[in-house]
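Undergrad: Okay, here's the prediction I keep looking at, along with the sequence it came from:
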Amino acid sequence: MFTETTLRASPRASLSTTPERKNPADLRAELQLFFKAYDSACLDFDADAVVALYDLPCLVSGMHGHGSFSARGELRAHFAKVFAAYRQQGLMSASLASLTINALSGDFARAEAVWSFSNARGADAASLASAYTLRRTTWPAGARWRVVHALALDEAENLRPAKRRLLSLAQR
């Protein structure tokens with residue numbers, strides 16, 4: 001299920017008025033389609049479909065590893081590992097519970113999403129907040145949105161493999 005909550009243009013961003021650029025309504029439609037595809041890929045934990053939504057090189061940061069990926073095969077192996085870990089924990093699918101998109105320019109956007117994970121009975125079992133930086137690419141054919149950085153923001157307790165000590169930067 002896809003739920004869009006917001007699409008805002010940054011007050012500092014100015015969309016180009018050149019003919020090849022899209023207007024804000026077109027950006028909105030393109031980004032909605034992108035996240036519908038991402039939602040569909042995560043519904044079945046389809047690593048190949050998820051990888052197709054990423055640009056190379058890209059960064060992925062989360063509880064199942066952090067890294068820079070420059071080849072589709074290594075990115076696919078990363079997502080296959082992540083999805084296998086979810087299945088081991090009894091999670092069978094993920095879908096977007098909420099989504100906020102900020103168009104930073106005609107070619108860059110930032111999105112924050114909350115993913116809802118379901119178990120074998122279809123009940124919500126966990127959630128995960130993530131942030132994405134997207135870039136409009138022109139390769140291989142036509143302009144398409146792709147993730148260049150994915151970052152897990154808030155991992156639900158039952159998604160964590162083990163308790164970790166946290167580094168505190170608060171002043172005493």
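TA: Structure's in. What do you need?

Undergrad: Just give me the residue closest to the centre of the chain.
TA: The centroid of the chain falls nearest to Y132 when counting by Cα atoms, centre = their mean (4.9 Å).

Undergrad: any residues touching stretch 30-50, and which ones?
TA: Contacts to stretch 30-50, defined as Cβ atoms under 8 Å, 6 or more residues apart in numbering, come from residues 1-2, 4, 7, 22, 52-53, 76, 79-80, 83, 86-87, 92-96, 99, 101, 103, 109, 111, 113, 115, 134, 136, 143-145. The C-beta positions use only the backbone N, C-alpha and C, and glycine is treated the same way.

Undergrad: Please flag which of those sit within helices.
TA: 76, 79-80, 83, 86-87 (DSSP state H).

Undergrad: quick revisit: could you measure the residue nearest to the centre of the chain against L151, distance?
TA: 8 Å (Cβ to Cβ, to the nearest Å).

Undergrad: continuing past the helix or strand of the chain with the lowest mean pLDDT, what's the next helix or strand?
TA: Least confident helix or strand, the chain: strand 6-9 with a mean of 46, by mean pLDDT, DSSP states H and E. Using DSSP states H and E, the helix or strand that directly follows strand 6-9 along the chain is helix 24-43.

Undergrad: then that following helix to PDB, C-alphas only?
TA: Output in PDB follows, covering the C-alpha atoms of helix 24-43 (Å, rounded to 0.1, in the frame of the first residue of the first chain):
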ATOM      1  CA  PRO A  24       6.500  20.800  -9.700                       C
ATOM      2  CA  ALA A  25       3.400  18.800 -10.600                       C
ATOM      3  CA  ASP A  26       5.400  16.600 -12.900                       C
ATOM      4  CA  LEU A  27       8.100  16.200 -10.200                       C
ATOM      5  CA  ARG A  28       5.300  15.100  -7.800                       C
ATOM      6  CA  ALA A  29       3.900  12.600 -10.200                       C
ATOM      7  CA  GLU A  30       7.400  11.100 -11.000                       C
ATOM      8  CA  LEU A  31       8.300  10.800  -7.300                       C
ATOM      9  CA  GLN A  32       4.900   9.200  -6.500                       C
ATOM     10  CA  LEU A  33       5.500   6.600  -9.200                       C
ATOM     11  CA  PHE A  34       9.000   6.000  -8.000                       C
ATOM     12  CA  PHE A  35       7.800   5.300  -4.400                       C
ATOM     13  CA  LYS A  36       4.900   3.100  -5.700                       C
ATOM     14  CA  ALA A  37       7.600   1.000  -7.400                       C
ATOM     15  CA  TYR A  38       9.700   0.900  -4.200                       C
ATOM     16  CA  ASP A  39       6.600  -0.100  -2.200                       C
ATOM     17  CA  SER A  40       5.800  -2.800  -4.700                       C
ATOM     18  CA  ALA A  41       9.300  -4.200  -4.600                       C
ATOM     19  CA  CYS A  42       9.400  -4.300  -0.800                       C
ATOM     20  CA  LEU A  43       6.000  -6.000  -0.600                       C
END
